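# Using only what follows, build the 3D model:
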Amino acid sequence: MRVAVLCGGRSAEREVSLRSGGQVAAALRSCNHEVEVVDADEQVWERLRDGRFGAVFIALHGRLGEDGTVQGMLELLGLPYTASGVLASALCIDKTRTNRLLAAAGLAVPEFIEVEAEAAEELVARFGLPLVLKPVREGSTLGLTIARNVDAAASGLLLAGRYDRRVLAQRFVPGVEITLGVLATPELQLLPSLEITYENETYDYDAKYSAGRSHHIIPARISAEAIQRAEADAATAFQALGCEGMARVDFIVDGAGIPWLLEVNTVPGLTEVSLLPDAARAAGISFEELCQRLLDHAVGRRQQQVGPGV
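Okay, here's the model as predicted:
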């Protein structure tokens, strides 16, 4: 198949996306596909329209790629594409709406508000310290602050505001950071739990993407009951948000074994140090097989949409 690997783009996660795209392109070539890496720039519509592609593998992270915009473009072009559709992508990039929906579904979500005119002092009085501040529509922990005093909270508001005019303030939950990968190609499959430890103060951009700055422990070192609950919550979140293909669901598991859901990523990192590929390998799924399964799912979904012979 002739496949476009769509990566790069204009989000703050451009460099990570290029790394993900390079990994995916290499994997698909090893599966004997004809692959072209396509940067999501101003000419992307024409390149995809005229490129005679059989499918598009989306390796874009952040806005203008993971938020439903590119998915809508591909729907208009009639091209099969990997992972979630327009609505689920738009929902999951928006942490406020994701949190509201998942809290309504009965999942444990740390208390939060979307900041409007609140001052740092008001937020600290409401949530206590440490206080989590982050852009509503950004990934890779870009713009994230875990503020341990009022001055840091004030700086965190400014930092998050540089990435998005909408800022989320959230109660900090201490505990073990874990993630659960979910595949649905189309059968739902939960990948092994993965615990994240890191050398930096927080699991920030540097810790995520610099070799040796973070460590993945599979399975997570939490109780079997906590793992079972996190797995159930990850599956519930995936289905409630209408995700397809793949997603990564991030949690903090507190001392009582309660998994607090932090966010759902519809196009998780696919770099050489990313979480989802590691969890897939622990389940016996090579990176090449993972990419092939996602591609097959994209083509099969499109065939179901348009019907046989179209």
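# Not counting residues beside it along the chain, what's closest to Ala40?
Gly9 (3.8 Å; Cβ to Cβ, 6 or more residues apart in numbering). (Glycine included, C-beta is placed from N, CA and C.)
# Gly181 too?
Leu191 (3.6 Å).
# need the contact list for that neighbour.
Leu180, Gly181, Val182, Leu183, Leu276, Ala279, Ala280, Ala282, Ala283, Ile285 (Cβ atoms under 8 Å, 6 or more residues apart in numbering).
# what kind of secondary structure is the nearest residue to the first one once chain neighbours are set aside in?
By the measure of Cβ to Cβ, 6+ apart, the closest residue to Leu180 outside its immediate chain neighbours is Ala234, 4.2 Å from it. Classification of Ala234 into helix, strand or coil gives helix, according to DSSP: H, G, I helix; E, B strand; the rest coil.
# Now do Ala234 against Gly128, distance only.
Using Cβ to Cβ, to the nearest Å, Ala234 is found at 27 Å from Gly128.
# With Arg301 instead?
45 Å.
# the more surrounded of Ala234 and Gly128?
Per other Cβ atoms under 10 Å, whichever of Ala234 and Gly128 has more neighbours is Ala234, with 28 against 10.
# For Thr197, what are phi and psi?
Thr197 has phi and psi values of phi -120, psi 160 when expressed as degrees, to the nearest 10.
# What of Val132?
In terms of degrees, to the nearest 10, the main-chain angles of Val132 are phi -90, psi 130.
# For it, which non-adjacent residue is closest in space?
Gln170 (4.3 Å).
# Also Arg49?
Leu77 (5.9 Å).
# now do Ser193
Counting by Cβ to Cβ, 6+ apart, Ala220 is the residue found nearest to Ser193 once chain neighbours are left out, at 4.1 Å.
# ditto for Ile146
In space, Ile146 is closest to Pro130, 5.0 Å off (Cβ to Cβ, 6+ apart).
# Thr145 is in contact with that neighbour, correct?
No. Using Cβ atoms under 8 Å, Pro130 makes no contact with Thr145, being 9.3 Å away.
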